[in-house]
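> Next comes the sequence, and after it the predicted model I'd like to discuss.
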Amino acid sequence: MIAHITKPDPDLQRLPARPTGSIEVLTIPARVRRTGMETRLLIESAQSDDRQPDRSLLRLLGQARCFHDMVAQNMNISVAELAAAAGVTRSYFTRIFRLNFLAPRITTAILQGCQSPELTANKLRQVGSLSPFWPDQLRQLGFN
C-alpha cells in the first residue's frame with residue numbers, strides 16, 4: 001500500500017477502496033524546509049551521527065584554503081590578479097577567502113557534517129557581510 005502512495009505519480013483510482021489487514025499509523029517529527037534551490041524533508045529525530053559531511057560545503061572550505069595559500073605566497077599581487085589567476089571574479093574570490101576566518105566551531109561542524117541542514121553551500125557563499133567576531137558568526141549562521 002505504501003508503495004502505491006509514495007510513487008511520484010500515484011494512481012489513486014487503483015488503490016483498494018478498503019484496505020485489507022490492519023492499519024498502522026507511523027508518526028515522526030518532521031518539517032519541510034527550503035534549503036537553497038531545493039526543498040527537503042527534515043526528520044527532527046535523525047541522529048547527527050548518521051549524517052555525512054556536505055561535499056559542497058567541504059569544497060568551499062577547500063577552495064577558501066587554496067585562495068588563502070595563493071594570497072600568502074603572492075603578497076605583492078593584487079586581489080584582482082589573484083582572482084584572475086584562479087579563474088574567478090574578484091567578488092567571488094574575496095567572499096570565499098573570508099571563509100578562512102570562520103569560527104572554529106562552524107568549521108568543525110561542517111567537517112563533521114553536524115551543521116544545521118539550513119546551512120548550505122549557497123547560503124555560506126552568499127553571506128553578504130560575515131561578522132569578524134566568532135560569537136556573531138555563530139548567531140548569523142544559526143549555531144545558537
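Sure thing, it's come through.
> ok, the residue minimising distance to the centre of the chain to Ile77 distance?
In the chain, the residue lying closest to the centroid (CA atoms, centre = their mean) is Thr120, at 2.1 Å. From Thr120 across to Ile77, the span is 32 Å (CB to CB, to the nearest Å). C-beta: built from backbone N, CA, C; applies to glycine.
> just the helices in the protein please.
Chain-ordered helices for the chain, with DSSP state H as the definition, fall at 2-6, 55-73, 79-86, 90-97, 104-112, 121-126, 134-140.
> Quick check: buried residues in the third one?
The reference is to helix 79-86. Neighbour-count burial for helix 79-86, with 16 or more other CB atoms under 10 Å as criterion, is recorded at 82-83, 86.
> how about the helices of the chain, which one is nearest Leu41?
Distances from Leu41 to each of those were compared by CB to CB, and the smallest falls on helix 2-6, at 11.9 Å.
> and the closest one, what's its mean pLDDT?
Here the mean pLDDT over helix 2-6 is 54, rounded to a whole number.
> Lovely, talk soon.
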